[in-house]
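Visitor: Only the shape, not the letters, is given here:
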């Protein structure tokens, strides 16, 4: 049996190196992830608009959520999909930049001789919004590793996760409060 799909356009206000815009279908009745229904589009360097498709959907009512690095996630819908329907023209409004969280990772004593890579992500369970960043510290450079995660929803509560490749202990100090 052929399953349905939903497609349309996404638009970002700026795009330097290129980015992937993910789009997922969420069951409207439960606001949780639906059966396998995920799609997106890669926007190459300088490309601001692209066409996404979410495939493999059963009949139902969905809210679609689009995410792009550095921008606030967008929810749109509800959209009703009949069995095997190939719905087109479900276009998202343009992404906006949003708020950010920044901080410092204090490098453990004796680790300044190492090249380090810091991964930090922020996730807001209540909004399903997320962002992440990766920062590299060259070997021999002393001091904390600063990071910033843009594109977050203001006023949301975020869980922060961090991983430091090349060192065993990590201390995060919040430099700026979560925007409200």
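Guide: On my side now, so go ahead. Since we're looking at a predicted model, the values are computed, not measured.
Visitor: And residue 43, how far from residue 58?
Guide: The gap separating residue 43 from residue 58 is 29 Å, by Cβ to Cβ, to the nearest Å. (C-beta placed from N, C-alpha, C; glycine too.)
Visitor: so where's this protein shaky on pLDDT?
Guide: Across the chain, the ranges flagged by pLDDT under 70 are 1, 30-36, 107-113, 128, 166-180.
Visitor: ok, which stretches of it are strands?
Guide: 4-11, 19-27, 32-43, 49-57, 60-67, 74-81, 86-87, 99-106, 116-124, 129-137, 145-152, 159-165, 171-174 (DSSP state E).
Visitor: which strands and helices sit next to the fourth one?
Guide: It stands for strand 49-57. Here strand 49-57 touches strand 4-11, strand 19-27, strand 32-43, going by 3 or more Cβ pairs under 8 Å, 6 or more residues apart in numbering; DSSP states H and E.
Visitor: Just the angle for that strand relative to strand 19-27, thanks.
Guide: 40 degrees (axes from the mean of the first three to the mean of the last three Cα atoms, to 10 degrees).
Visitor: ok, residue 126 - how many residues close by?
Guide: When neighbours are counted by other Cβ atoms under 10 Å, residue 126 registers 9.
Visitor: got it, and residue 56?
Guide: 15.
Visitor: hmm, back to that, which stretch among the helices and strands packed on strand 49-57 approaches residue 50 most closely?
Guide: Minimum separation from residue 50 across the helices and strands packed on strand 49-57 (Cβ to Cβ) falls at strand 32-43, 3.9 Å.
Visitor: Contacts only, for residue 97.
Guide: When contacts are counted by Cβ atoms under 8 Å, 6 or more residues apart in numbering, residue 97 touches 13, 70-72, 150-151.
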